[in-house]
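>>> starting from these lines, generate the structure:
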Amino acid sequence: MNTTTFTRYTNCSEQGAALARYILSGVEKARANNRPYLLGCPGGRSPMAVYQAMAEQAGLENQDLSHLIIIMMDDYVLDTDQGLRQADADAHYSCRRFAEVDIRQRLNSDLESSHQIPKENVWFPDLAAPQEYDNRIKAAGGIDYFILATGGSDGHVAFNPPGTSLHDVTRVTKLADTTRTDNLGTFPDFKSLAEVPEYGLTIGPASIAALSKEAGLLIDGEHKKQAVRKIFQSDRYDESWPSTIIHECKNAKVHVVDDAIPDDVAIG
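Okay, here's the model as predicted:
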């Protein structure tokens, strides 16, 4: 029996506002307890409504986010003549650029300076020692809430391709062509599949499940109907569809917008 909770929303704005309220409440509780709040964050289209709603709600209250730590999931890795290196931070597809512009700067936009998220509170895995990321997160107390998203065509979560073991931790991985194709939509400045990097530095399924106190998988759009069906019909991790890792997470919830729900799936 599926024990993961499913919640449906009429649109992304409703989904984003609800998640933002919940997350910001946790952020405030952590501040009151004088501890950091670790938020696992993906790049891409799925979480944008959440980040926007968080910025609006935090701005209205001038909420103190200075103790919020952004835990980024992944980044592109380039295969060069000199070996592997992370994508340039100013590249249009850089996850570091996304974290700075679309998350940190967005959340800080209406806050007084003392309440803003400092640059050092945006964390990424290190290409030279990927597994140290897991140790760093664990030492900081674990991820309070992990926002997850799923690939529409192959179920990738972060850069974990189909076939990823449940036991895989943070590492460098070769990207599936299906994932790279999905990312043509995520980063529209890519002119062709040939421009999409073939490698990624990614947090692993084992890391997500072990280090998260709570996780929410966001799904929206008609192109994600297969993803909803796969998640709904499973109750444990399936290597062929990595976003099923949500079933292995503590306090797991799937947040689905109506346009992503297939006719043969009954939610709510």
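>>> start and end of stretch 191-204, how far apart?
Distance between the boundary residues of stretch 191-204 (CA to CA, to the nearest Å) amounts to 29 Å.
>>> quick one: residues in contact with it.
Contacts of stretch 191-204 with the rest of the structure, by CB atoms under 8 Å, 6 or more residues apart in numbering, involve 40, 73-79, 84, 86-87, 93, 124-125, 127, 130, 133-134, 158-160, 164, 168-175, 177, 180-181, 183-184, 187, 190. In short, each C-beta sits where N, CA and C put it, glycine included.
>>> which of the residues you listed fall within strands?
With strands defined by DSSP state E, the entries of these inside them are 40, 74-79, 84, 86, 171-174.
>>> pull out the buried members of those.
Buried members of the ones in strands among the contacts of stretch 191-204, scored by 16 or more other CB atoms under 10 Å, are 40, 74, 75, 76, 77, 86, 171, 173.
>>> my guess is the second one contacts residue 94. True?
No. Using CB atoms under 8 Å, residue 74 is not in contact with residue 94, being 11.1 Å away.
>>> using PDB, list the CA coordinates for the lowest-mean-pLDDT helix or strand in the chain.
Of all regular secondary-structure elements in the chain, judged by mean pLDDT, DSSP states H and E, the least confident is helix 177-186 with a mean of 89. Taking only C-alpha atoms (Å, rounded to 0.1, in the frame of the first residue of the first chain), the coordinates of helix 177-186 have been written out as PDB:
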ATOM      1  CA  ASP A 177      20.100  11.400 -23.300                       C
ATOM      2  CA  THR A 178      16.500  11.600 -22.100                       C
ATOM      3  CA  THR A 179      17.600  13.800 -19.300                       C
ATOM      4  CA  ARG A 180      19.600  16.000 -21.600                       C
ATOM      5  CA  THR A 181      16.700  16.300 -23.900                       C
ATOM      6  CA  ASP A 182      14.400  17.300 -21.100                       C
ATOM      7  CA  ASN A 183      17.000  20.000 -20.200                       C
ATOM      8  CA  LEU A 184      16.600  21.600 -23.700                       C
ATOM      9  CA  GLY A 185      13.300  22.800 -22.300                       C
ATOM     10  CA  THR A 186      14.700  23.800 -18.900                       C
END
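>>> so where is the protein shaky, pLDDT-wise?
Low-confidence segments of the chain, defined by pLDDT under 70, are located at 1-2.
>>> ranges for the strands of it?
If you assign secondary structure with DSSP E, the strands in the chain sit at 5-9, 37-41, 68-72, 74-80, 83-86, 122-123, 145-149, 171-174, 199-202, 215-219, 252-257.
>>> okay if I get these as CSV plus distance to residue 243?
What follows is the strands of the chain, written out as CSV (distance: least, CB to CB, whole Å):
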stretch, distance to residue 243
strand 5-9, 14
strand 37-41, 14
strand 68-72, 17
strand 74-80, 14
strand 83-86, 24
strand 122-123, 22
strand 145-149, 7
strand 171-174, 15
strand 199-202, 13
strand 215-219, 6
strand 252-257, 9
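>>> so which of those gets nearest residue 241?
With distances scored as CB to CB, the stretch of the strands of the chain nearest to residue 241 is strand 215-219 (11.7 Å).
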